[in-house]
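> model this:
(2 chains, ligands or ions: 2)
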Amino acid sequence: MKLTGGQIVCESLLREGVDVVFGIPGGAILPLYQTMSSYPQIRHILTRHEEGASMAADGYARATGKVGVCMATSGPGATNLVTGIATAQMDSVPMVIITGQVAREGIGKDAFQEVDMTGITLPVTKHNYLVMRAEDIATAIKEAFYIANTGRPGPVLVDIPKDVFTEEAEFVYPETVDLPGYKPVLDGHPTQIRKAAQLINEAKKPLILAGHGVIISRAYDELVELAEKAQIPVITTLLGRSAFPDAHVLFVGMPGMHGLAYASLAIDEADLVIALGMRFDDRITGKVSGFAQNAKVIHVDIDPAEIDKNVHADVPIVGDLARVLRQLNPSVEPTTHPEWLRRIEELKSEHPSLHIRQTEKLLPQQVVRDLCDVTDGRALIVTGVGQHQMWAAQHYACKEANSFITSGGLGSMGYEVPAAMGAQVGQPDRVVWSIAGDGGFQMTMSELATIAENNLPVKFAIFNNGFLGMVRQWQEIFYNKDYFSTHYTGNPDFVKLAEAFGIRGIRVTERSQSVDAIREAMAHPGPVVVDFVVEEEENVYPMIPAGQTTAELMEEPLVEEARS
Amino acid sequence: MQDKPGVLNRVASMFRRRGFNISSLAVGHSETLGFSRMTFVVDGDDAIVDQVTKQLYKLIDVVKVSDISKEDVVIRELALIKVRTTPTTRPEVLQMVDIFRSNIVDVSPDSVIIEVTGDEDKVDSLLRILRPFGIREVMRTGRVGLMRGMSKSLALDNGQS
Ligand SMILES: Cc1ncc(C[n+]2csc(CCOP(=O)(O)OP(=O)(O)O)c2C)c(N)n1
Ligand SMILES: [Mg+2]
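Ligands and ions are numbered 1, 2, ... in the order given. Next up is the predicted model:
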């Protein structure tokens, strides 16, 4: 049966189980849109900006584990997607992006709204395609989904010229892919598994450092089994938040630049670091030569290129984490490390990193704590980037797996609005709270219109400190409080703004109003924006300045005072 | 690697983005239809070579990567050199061409084009010797290499070893 290129795209998406896409039409992609209009099985969510579409697809993908799909027209539509694509690439998020391209004869001629999209996205996609014939579309889409969602996941872009959407071709959806250069390794090498087990069995002070890979591979049970079997304390990266239950006795916390002091110090003292599905980002390691100096390192990752990239692995294991742990756990001897566990408790009490000082003021940390209490730690949290992100990571104790969605690798401000929207689309029954910065929120707040239009009950907690807070903190500490270009003096009235979008708005200025406001937001069936007017010049502690070690660790002034 | 549009760009872009220093790069069809073979020279220690290899494998179109620097290999480079000649210098130039077992592939009244094949050193020394005569243009292909004897065919290898 002959179909048009546009029909082939739609049929292929259906074969891949796609039921929602985010996007904005335009000239070059219009033939596809006009075809999609007769495919009601594919819900199209019309965002207000293409960055909203790519970040919504990202949030959707992280919340569901499925491939997120977004679309845009050629030129400016396509370039607007790029920050969301790069965000997904850095955090290994499966995404397929379909962009319209100018008609074939216009390519290379600077035609109206032409940009070299495969060129632009080369370094920020896992792979990309420019499909020049309708008969090649099905294979390209089949491969795109396969590549996006296997191995180390990532975004794959498929660029299709306008006239290819209308060209006809025989439609046969391929059953398999033929990619001789792409064969992800899933099982760990038995020799390495044996060596890893031996290191674990001999370790006196082992520490598990769990990352996003645990969530991507859904290795939650296997991780708990390993930790419990040998009584190994667990720390997680930022993207590993909610990979291990916060309430578990073996849970220690997140280390790193704004991690908990005791988690960072535990790495210093450990004799074995078992790194699971993480990539030793500089926000975790600080100065690499000073990182985990007393430890041997077992590094499990599905991406061979991560092995020895930043930190040398004594035992590298390439494979899918859940499978590797299933191979490894039986060889791990049941044991415990009472002294080591006691030492960690000692570090925790010497360095009370989660302590919040008592004050009448509305402290952002306290707002996160209130959110956690009222939602019983069961909300799906989506954050922006900055101070509020770090406070969320520190103080929101997740009870459920895969409940903390944040732009870690790229650190994309503005993520908090569209990603929360996409997460809510993917998880309609979960309570989604966006922990937003007043800065980031203003980058993508036009998506409030999309949220209202689709009646998505996302709850926003804007941490309104009137500043690009994280940058202000650096200015305070490293630039002598020269708050150049970080102070907002003309922020909008976020309550009125929400109301203009037809969304409930609530303002909180006092500590005493916080819990009630959160309850009110939860009780409201639709979307809500809560404007928390928080303490302006609050700093995130602990802090290890970039490229330093725990020797440079700064703690909350009161904590430091109490100790000295 | 698979013979797909843009594949050279993917490789070059990766080298640039990750700051790997490539001093030479040559690419052409291989013995297997649909696959090309690329030879490049990267400056760096074992750790860098290890990263380059792994990063290349991450490219979907790349099928097999071998570090041939420690293997028993044949490495060749071809260069075309246009040298100025006068009736008096021509015999001398021709003598050099002979000594280096290279060829004259074009002759004009005031210059000749020399084709030389060999390892990098050979090409470099011929260039050094010809310099006093006046080199007008040089085009070098960059090094290409193959392992001697029985090396594995890329089509039979899944490249993830
Ligand atoms: C798109 C983008 N631009 C700039 C930055 C640099 N940056 C990092 S944190 C930050 C401040 C964020 O301000 P806000 O969203 O209000 O959060 P806060 O730190 O105040 O909680 C900035 C500007 C960034 N991460 N992303
Ligand atoms: Mg702010």
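> Could you check how far the residue nearest to A:K361 when sequence neighbours are not counted is from B:L94?
Leaving aside its chain neighbours, A:K361 sits nearest to A:E535 (5.0 Å; criterion: Cβ to Cβ, 6 or more residues apart in numbering or on different chains). (C-beta placed from N, C-alpha, C; glycine too.) Going from A:E535 to B:L94 by Cβ to Cβ, to the nearest Å gives 86 Å.
> and if you look at A:G490?
On the measure of Cβ to Cβ, A:G490 and B:L94 end up 80 Å apart.
> So which of A:E535 and B:L94 has more stuff around it?
A:E535 (17 against 14; other Cβ atoms under 10 Å in any protein chain shown).
> Read off the pLDDT value for B:S151.
Looking at B:S151, its pLDDT reads 62.
> I meant A:E556, not that one.
89.
> What about it, how many residues nearby?
22.
> Now it: closest residue in space that isn't a chain neighbour?
A:Y541 is the one closest to A:E556 (Cβ to Cβ, 6+ apart), at 4.3 Å.
> SS state for the one you found?
The three-state label given to A:Y541 by DSSP: H, G, I helix; E, B strand; the rest coil is coil.
> That one: what's it in contact with?
Taking Cβ atoms under 8 Å, 6 or more residues apart in numbering or on different chains as the contact definition, A:Y541 lies against A:H258, A:S353, A:M554, A:E555, A:E556, A:P557, A:V559.
> now do 7 Å
Taking Cβ atoms under 7 Å, 6 or more residues apart in numbering or on different chains as the criterion, A:Y541 is in contact with A:M554, A:E555, A:E556.
> near chain B at all, stretch A:314-333?
No: Stretch A:314-333 lies out of reach of chain B by Cβ under 7 Å from any Cβ of the partner chain, never closer than 9.0 Å.
> Domain ranges for the chain, per the record?
Picked chain A for this. A:2-170, A:190-350, A:364-540 (automatic domain parsing).
> other chain: chain B
B:7-67, B:73-140.
> Contacts for stretch A:124-135 next, please.
Stretch A:124-135 is contacted from outside by A:5, A:8, A:82, A:85-86, A:89, A:101, A:104, A:118, A:121-122, A:137, A:140, A:144, A:147-148, A:154-161, A:164, A:167-170, B:60, using Cβ under 7 Å, 6+ apart.
> Below-threshold pLDDT in the chain: ranges please.
If you meant another chain, say so; for now it's chain A. Nowhere does chain A drop to pLDDT under 70.
> my bad, chain B
Checking chain B against pLDDT under 70 turns up B:151-161.
> same thing but 90
B:5, B:23, B:69-71, B:147, B:149-161 (pLDDT under 90).
> follow-up on the earlier one: make CSV from the domains of chain B and add distance to ligand 2 to it.
Shown next, in CSV, are these (distance: least, Cβ to the ion, whole Å):
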stretch, distance to ligand 2
domain B:7-67, 32
domain B:73-140, 56
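> among those domains, which is nearest chain A?
domain B:7-67 (3.8 Å; Cβ to the nearest Cβ).
> chain center to that closest one, what's the gap?
13 Å (Cα atoms, centre = their mean, to the nearest Å).
> Please tell me how far A:E114 sits from A:R279.
36 Å.
> same deal with A:M71?
A:M71 is 30 Å from A:R279, by Cβ to Cβ.
> CA-only coordinates of the lengthiest strand in chain B in CSV, if you can.
Looking across chain B with DSSP state E, the single longest strand is strand B:73-84. Output in CSV follows, covering the C-alpha atoms of strand B:73-84 (Å, rounded to 0.1, in the frame of the first residue of the first chain):
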residue,chain,number,x,y,z
VAL,B,73,51.2,-2.3,10.0
VAL,B,74,51.9,-0.9,6.6
ILE,B,75,51.6,2.8,6.6
ARG,B,76,51.8,5.0,3.5
GLU,B,77,51.2,8.5,2.5
LEU,B,78,51.0,9.9,-1.0
ALA,B,79,52.1,13.4,-1.9
LEU,B,80,52.0,15.5,-5.0
ILE,B,81,54.8,18.1,-5.1
LYS,B,82,55.0,20.8,-7.7
VAL,B,83,58.7,22.0,-7.9
ARG,B,84,60.1,24.8,-9.9
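> In terms of secondary structure, what does the helix or strand just after that strand contact?
Counting by DSSP states H and E, the next helix or strand C-terminal to strand B:73-84 is helix B:90-99. Applying 3 or more Cβ pairs under 7 Å, 6 or more residues apart in numbering or on different chains; DSSP states H and E, we find helix B:90-99 packed against helix B:120-130.
> If you count contacts, what does the helix it packs on end up packed against?
With contacts taken as 3+ Cβ pairs under 7 Å, 6+ apart, helix B:120-130 sits against strand B:73-84, helix B:90-99, strand B:111-118, strand B:135-140.
> TSV for these, including distance to A:Q41?
Output for the helices and strands packed on helix B:120-130, formatted as TSV (distance: least, Cβ to Cβ, whole Å):
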stretch	distance to A:Q41
strand B:73-84	56
helix B:90-99	72
strand B:111-118	62
strand B:135-140	58
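> follow-up on the earlier one: for the longest strand of chain B, which positions count as buried?
Across strand B:73-84, burial judged by 16 or more other Cβ atoms under 10 Å in any protein chain shown covers B:R76, B:E77, B:L78, B:A79, B:I81, B:K82, B:V83.
> Which one of these is nearest to A:P545?
Set against A:P545, the nearest of the buried residues of strand B:73-84 by Cβ to Cβ is B:E77 (48.7 Å).
> how about the residue lying closest to the closest one once chain neighbours are set aside, what does it touch?
Distances taken as Cβ to Cβ, 6+ apart place B:R143 nearest to B:E77, at 4.9 Å, with adjacent residues excluded. Residues near B:R143 by Cβ under 7 Å, 6+ apart: B:S24, B:A26, B:T39, B:V41, B:I75, B:E77, B:E120.
> Give me the neighbour count for residue 34.
Went with chain A since none was named. So A:Q34, with other Cβ under 10 Å, has 13 neighbours.
> switch to chain B, that's the one I care about
Neighbour number of B:G34 under other Cβ under 10 Å is 11.
> How much space separates whatever residue of the stretch 451-564 of chain A ends up closest to chain B from A:E269?
As assessed by Cβ to the nearest Cβ, chain B sits closest to A:G547 within the stretch 451-564 of chain A, at 17.9 Å. Separation of A:G547 from A:E269 (Cβ to Cβ) stands at 21 Å.
> Can you tell me which of the buried residues of strand B:73-84 is nearest A:L468?
For the buried residues of strand B:73-84, the nearest to A:L468 is B:E77 (53.8 Å; Cβ to Cβ).
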